[in-house]
Structure formats: C-alpha cells, structure tokens
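# A predicted structure for the sequence below; I have some questions about it.
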Amino acid sequence: MSLRSEKLNRIVYPDSEGSDNLNKQKLDNYNLTGSIHTLSIKSPGMVEDIQEDVSKCISANSQSKNGLTTTSVINPNKLLGDVFSYQEFQTVFNTILAGAGISDYNLIRADMRFDNYEPDHYKQYAKLNRYLISMLAVTYKVKNTYKTENLFNHKQLSVAIKNEYFEIENYDRAAKSELTKNHSEPAQARLEERTVSKSFRKLYEKCKADGEDINMEILKSEFTDGWFARWDKAIQNIDKVHQRYNDELEKIYKEDKNSYPTRFRSLTDFIIQYQDCIFCKKQMIDLLSRFEEVKDPKIRAENHKKRYGIEYFSKKDVERAVAEVKRATEEFFRE
C-alpha cells in the first residue's frame, strides 16, 4: 500500500470526553507530506526565449531598476507532476532554469508546502494549526495576522501571518481548487511555510560557501535549520499565546455582553462562540477568572468541558504536531 493510500484509509475519531489532551487517534492522523511549492529568484539580464517545454513552469518579469534584472516565479511541480524528493526537485529545477536560459541567480522567496489528502483534514485540524501559527505570531510579534472565511456560510478558508522575514498559512486547499477550477490538485489541506526576501538577503550575507550549489545549500538550510529554530522558539511561548488570546477575549466579552442587538446571551454562549481561541484547560481557567460572575473558575471550566466538549491540546500535542512538520521536511530533503 502506498503512503498516500495508507493515509487515506485512516479514520479520525472524535476527542474523548473530559480529556485535556487531543485524542491520541486523531493526533496520530496528523500526517503531512512536504515538498517545495514555488520559488522566486532574481537573475541578471533579461529572461526571454523560454523553451516551450518549461514555459508553463516559470513566470518571468524583467525590470530596469538598479540595472536590468529579472524576477522569476518557478513552480517545479508543473513540469512532470508533483515533486516529493529533494534530488528530483533539483533535477527538475535545473531543467527549468536551463530551459529559461538562467545560469546565475539568487533566491528571494521559497514556499514549502505540507499537504494532506483526506477530505476532512482541514476542518479537523484547523484549531490545532491555528494554535501552531499563533505561537509563531506571538513569538515574533507579527502584526499582519488574519483569518479569511466564506462570505455566505462563514466557513474558515485560511489562517495566516506575514512579516518581512517569513510567512505561514494554513488553508483549505480543496476550497481553493474548487474556486480556481484546478481539478488536478490532490491536496485537500495545506500548511505552507514561506521564507521571503529579507531572510534570504541575510542568509546570503552570512553564507561563505562558493560554487554552483550555494543556492540549494541555502534553501535546504533555511527549511531544515531556520524553520526548525523558529518552531523550537515558538513552542517555548505557549503561555504567551494563551495570555494574548485571553486579553483579547476579555475585551470582547466586556464590550459586547450588554450590547444590543445581542451578540451572545451568556458567558457560556460566548465561550462556545469563541472556543477555537481557547486551547487548554489552564487557559480556560485563567479566562473565567477574569469575570466576576464566575465563582469557581476551575469547576466552571471542568463542567463546560464535560457538557460541551471543547477541544484542548497539551504541550505534548503541540510538540508532536511540530515534530510532524519537521519529519515531513526531513523526509523531503533526505538525500
């Protein structure tokens, strides 16, 4: 049985009642397949006369600022299909460069995707992925943070953060494929790490290696070292994530609890409405302790969990999810 078939045959079970951890079976089904999505490069001179065989893989834009240079966006997966190994990626990428007449370039952006092929994966793990992305946002004080949803049915489509150095997004790949009429994309859900120009400039300044493979060395190092370091640092700031969310939730509740038209009828209504922003029992207790009407926050938190089944995550759950991102990265870059 193939790896993809094995993933498709796995079953996701609901979170067990009363547990403060993610259901083990569900956590075990948090499986990702890593690969490079797109790369942006800058090369001297003008890129023209691109060979027809590779033309669908590259979009080139020449400009005159600071001397004539060309910025090209390359999708290696459009040449012969999805590329799931580093060695194959290098072969395909070099083929595209040769077909476009590019021999000298620097990376200015690289996107690495982590896909899952199960139809319900995006919905099942949206809260967990939001938690992971929130850790990075709080750790690196990212200001550009947002969630998108369908205008009419309010279904979440994506959660993303962006700064001058990196971006990360979790999005409903199936919904995007339906919108763009992409019938060949097998992925149903995608978590995507993106390293952008400011990071690459710093990486080139630090790198002392020479030779044709310097770009590939930098690319591999960024995703296996740079991103791993970001995740490791982010995990240490879980409590700050809870604090940030609770500060915001407290403001919302106190501002809107007496509003008219009514936004929610009770504190219980409010918690149910914002349950995707509450990630563990400790956070719930802290949030409840901020409201005078709650006499015993711990008992209230336990009763809410038993009655309404809010999903919680332990630090081990988070570490397991991050470990899966790292495993998928290492699997792709294994030589």
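That came through, no problem. Numbers count the residues shown, from 1 in each chain.
# mind checking how far the nearest residue to Leu80 once chain neighbours are set aside is from Ser43?
Nearest residue to Leu80 in three dimensions, chain neighbours excluded: Val92, at 6.8 Å (Cβ to Cβ, 6 or more residues apart in numbering). No exception for glycine: its C-beta is placed from N, CA and C like everyone else's. Distance, Val92 to Ser43, using Cβ to Cβ, to the nearest Å: 18 Å.
# Now do the phi/psi pair for the residue nearest to Leu80.
phi -70, psi -40 (degrees, to the nearest 10).
# Report the separation between the residue located most distally from the centre of the chain and Asn303.
Within the chain, the residue lying farthest from the chain centre (Cα atoms, centre = their mean) is Lys295, at 38.6 Å. Counting by Cβ to Cβ, the separation of Lys295 from Asn303 is 12 Å.
# before we move on, what about Ala187?
Distance, Ala187 to Asn303, by Cβ to Cβ: 40 Å.
# next one: Asp247
For Asp247, the distance to Asn303 - Cβ to Cβ - is 24 Å.
# now the residue lying closest to Asn75 once chain neighbours are set aside, which residues is it bridged with?
Distance criterion Cβ to Cβ, 6+ apart; nearest residue to Asn75, sequence neighbours excluded, is Thr38 at 4.9 Å. Beta-bridge pairing for Thr38 (DSSP bridges): Asp111.
# What residues does Thr38 make contact with?
73-75, 109-111 (Cβ atoms under 8 Å, 6 or more residues apart in numbering).
# pLDDT for those - can I get that in CSV?
Shown next, in CSV, are the contacts of Thr38 (pLDDT from 0 to 100):
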residue, pLDDT
Val73, 98
Ile74, 98
Asn75, 98
Arg109, 98
Ala110, 98
Asp111, 98
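# higher neighbour count, Ala187 and Asn303?
Ala187 (19 against 12; other Cβ atoms under 10 Å).
# Where does the more buried one sit: helix, strand or coil?
Three-state call for Ala187 (DSSP: H, G, I helix; E, B strand; the rest coil): coil.
# can you check the one 5 residues further on too?
Classification of Glu192 using three-state DSSP returns strand.
# Would you mind giving me the confidence score for it?
Looking at Glu192, its pLDDT is 98.
# before we move on, what about Glu178?
Glu178 is assigned 93 on the pLDDT scale.
# who touches it in this structure?
Counting by Cβ under 8 Å, 6+ apart, Glu178 has no contacts.
# For it, what is the enclosing helix or strand?
Assessed by DSSP states H and E, Glu178 sits inside helix 173-180.
# which parts of stretch 197-211 are buried?
Buried residues in stretch 197-211, counted by 16 or more other Cβ atoms under 10 Å: 199-200, 203.
# what pLDDT, on average, does it get?
On average, stretch 197-211 scores 83.
# before we move on, what about stretch 252-270?
96.
# Convert the C-alpha atoms of that stretch to CSV, please.
Provided in CSV are the C-alpha atoms of stretch 252-270 (Å, rounded to 0.1, in the frame of the first residue of the first chain):
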residue,chain,number,x,y,z
ILE,A,252,-14.6,41.4,23.5
TYR,A,253,-16.8,39.9,26.3
LYS,A,254,-16.8,43.1,28.4
GLU,A,255,-17.5,45.3,25.5
ASP,A,256,-20.3,43.2,23.9
LYS,A,257,-22.0,41.4,26.8
ASN,A,258,-24.6,44.2,27.2
SER,A,259,-24.8,45.2,23.5
TYR,A,260,-28.0,45.4,21.6
PRO,A,261,-28.6,43.7,19.2
THR,A,262,-27.4,40.9,21.5
ARG,A,263,-24.2,39.2,20.5
PHE,A,264,-24.4,36.3,23.0
ARG,A,265,-26.9,35.6,25.7
SER,A,266,-24.5,34.4,28.4
LEU,A,267,-20.8,33.7,29.2
THR,A,268,-21.4,30.1,28.2
ASP,A,269,-22.7,31.3,24.8
PHE,A,270,-19.6,33.5,24.5
